[in-house]
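Visitor: A structural model of the following input is requested.
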Amino acid sequence: MGAIKSFYHPDKALVEADFVIALNWCSTKNYGQAENKNPRWRLTQDKMTLTRKAFLLHQHPVWQGIGIESALLENERCLLGAQAANRVIAAQLILKELLATLQYGQ
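Guide: As a prediction, this is how the structure comes out:
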């Protein structure tokens, strides 16, 4: 099992990656607006060729065409659909557990 490494250049981070987790960041003041549109930080099909056929993950929502090239979302190595489905199941389980702890009539 390999070690987790930190990189400060996006292309170097992709080399030999098995999984890529793309994230978008913005301030709460400007939520929903891409603050950094620098193409250096945009994940593209060309950049994914630097990986070892990595799987793509993302902390939702995805800003299609800004942080991630739209074509990557249709790629067979994109796990965003499964990732979202798992999050729904996890949220349902948490809600079920919370509701089970409620005591009615008190």
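
Visitor: tell me, what residue is most central in the chain?
Guide: residue 58 (0.9 Å; Cα atoms, centre = their mean).

Visitor: Correct me if wrong: that residue contacts residue 64.
Guide: No. Here residue 58 lies out of contact with residue 64, judged by Cβ atoms under 8 Å, at a distance of 10.4 Å. Just so you know, the C-beta spots here come from the backbone N, C-alpha and C atoms, and that holds for glycine as well.

Visitor: which residues touch the helix ranked longest in the chain?
Guide: Ordering each helix of the chain by length in residues (DSSP state H) puts helix 80-101 first. Here helix 80-101 makes contact (Cβ atoms under 8 Å, 6 or more residues apart in numbering) with 56, 57, 58, 60, 62, 73.

Visitor: Please apply the same query to stretch 15-25.
Guide: Residues outside stretch 15-25 that contact it (Cβ under 8 Å, 6+ apart) are 14, 34-36, 43, 48, 50-52, 54-59, 62-63, 66-68.

Visitor: May I have it exported as CSV, CA atoms only?
Guide: These are the backbone C-alpha positions of stretch 15-25, laid out as CSV (Å, rounded to 0.1, in the frame of the first residue of the first chain):
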residue,chain,number,x,y,z
VAL,A,15,1.1,11.2,-12.5
GLU,A,16,0.6,7.5,-11.5
ALA,A,17,-2.7,8.3,-9.6
ASP,A,18,-5.2,5.6,-9.2
PHE,A,19,-8.0,7.9,-8.0
VAL,A,20,-8.5,11.6,-8.6
ILE,A,21,-10.8,13.6,-6.3
ALA,A,22,-11.5,16.9,-7.9
LEU,A,23,-12.7,19.7,-5.6
ASN,A,24,-14.1,23.1,-6.2
TRP,A,25,-13.5,25.8,-3.6
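
Visitor: Determine how far it lies from the middle of the whole chain.
Guide: Counting by Cα atoms, centre = their mean, to the nearest Å, stretch 15-25 is centred 8 Å from the centre of its parent chain.

Visitor: ok, now stretch 62-74?
Guide: 11 Å.

Visitor: now stretch 12-29
Guide: For stretch 12-29, the distance to the chain centre is 7 Å (Cα atoms, centre = their mean).
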